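Visitor: The following comprises the amino acid sequence and a computationally predicted model.
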Amino acid sequence: MRRIEALCLDAGGTLVWPNWARVSAALAGEGVHVDASALAAADPRVRRSFDEAHVIAATTDQRRGWTYFETILETAGVAPSDGVQRALTALAEYQRTTNLWAVVPAFVPETLIKLRRLGCKLAVVSNANGTVRQAFHRLGLSALVDVVVDSGEEGVEKPDPRLFEIALTRVGSAADRALHAGDIYHVDVVGARSAGLEAILVDEANLYPDVDCRRIASIAELPELVRGR
């Protein structure tokens, strides 16, 4: 069995989640009231609805991002309105400059520390807008990973294997000694496999019962998996 020396990790939906409290507050400022918990509950289902080969092939991460938030609101029962549009515009600007993906569950830093203690190099491989590095610094995650590879900085995005190849080069690992974990099958699993990595799907809401790869509910399962190699 192959020893794992490097782990590539997606960011959104794997290490960080949107700050739904900020989204709820922005909507409330426009007179639109929806609880942050309702938005969080809609999140996995909306991500799953976008995870189709033809959708990923025909769009970019940035194009999907705007539709993603609109669909979250629709799924949570928020009707379109001028106020909703104003809130979304303000949130889009915040995302452009700062990054809305700012919620870090306690298990994330704990798991990253465990993985490093096991001798794994850790590379964040994210389809994003060039703000992941600064966001991770603000959230205290930069010190817990070795490399941050942001598609907005590199000019190429998953599932293109080149983003994984960049990450592996920077951590000094061969593809056959690395795993990638991420939450979007046609982005993360398909992309990692095309670069020669073993892929694991983070399926927090158990929405992918029939996929052809290993599933985990969260990265908290990764240390045991690595130890078993």
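Guide: Okay, I see it. Numbers count the residues shown, from 1 in each chain.
Visitor: contacts and neighbour counts: CA atoms only from here.
Guide: OK.
Visitor: Contacts only, for Trp66.
Guide: Ala92 (C-alpha atoms under 8 Å, 6 or more residues apart in numbering).
Visitor: does it sit in a helix or strand, and which one?
Guide: helix 61-75 (DSSP states H and E).
Visitor: so how far is that helix from its chain's centroid?
Guide: In terms of C-alpha atoms, centre = their mean, to the nearest Å, the centre of helix 61-75 is found 14 Å from the chain centre.
Visitor: After that helix, which helix or strand is next?
Guide: Immediately after helix 61-75, counting by DSSP H and E, sits helix 82-97.
Visitor: What ranges does the chain have for its strands?
Guide: Here the chain has its strands, by DSSP state E, at 6-9, 17-18, 101-103, 121-126, 147-150, 178-182, 198-202, 214-216.
Visitor: quick one: which of these is nearest Ala58?
Guide: Closest to Ala58 of these, according to C-alpha to C-alpha: strand 121-126, at 18.6 Å.
Visitor: List the strands paired with that closest one, with their directions.
Guide: strand 6-9 (parallel), strand 147-150 (parallel) (DSSP bridges).
Visitor: tell me the domain ranges of this structure?
Guide: 6-15+104-227, 18-100 (automatic domain parsing).
Visitor: The ones you listed into a markdown table, with extra columns for mean pLDDT?
Guide: Formatted as a markdown table, the domains of the chain follow (pLDDT from 0 to 100):
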| stretch | mean pLDDT |
| --- | --- |
| domain 6-15+104-227 | 97 |
| domain 18-100 | 95 |
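Visitor: any idea which of these is most buried?
Guide: domain 6-15+104-227 (a mean of 19; mean count of other C-alpha atoms under 10 Å).
Visitor: For it, what is the distance to the chain centroid?
Guide: Averaging C-alpha positions (C-alpha atoms, centre = their mean) puts domain 6-15+104-227 8 Å from its chain's average.
Visitor: that older thread, quick check: angle from the helix holding Trp66 to helix 82-97?
Guide: 140 degrees (axes from the mean of the first three to the mean of the last three C-alpha atoms, to 10 degrees).
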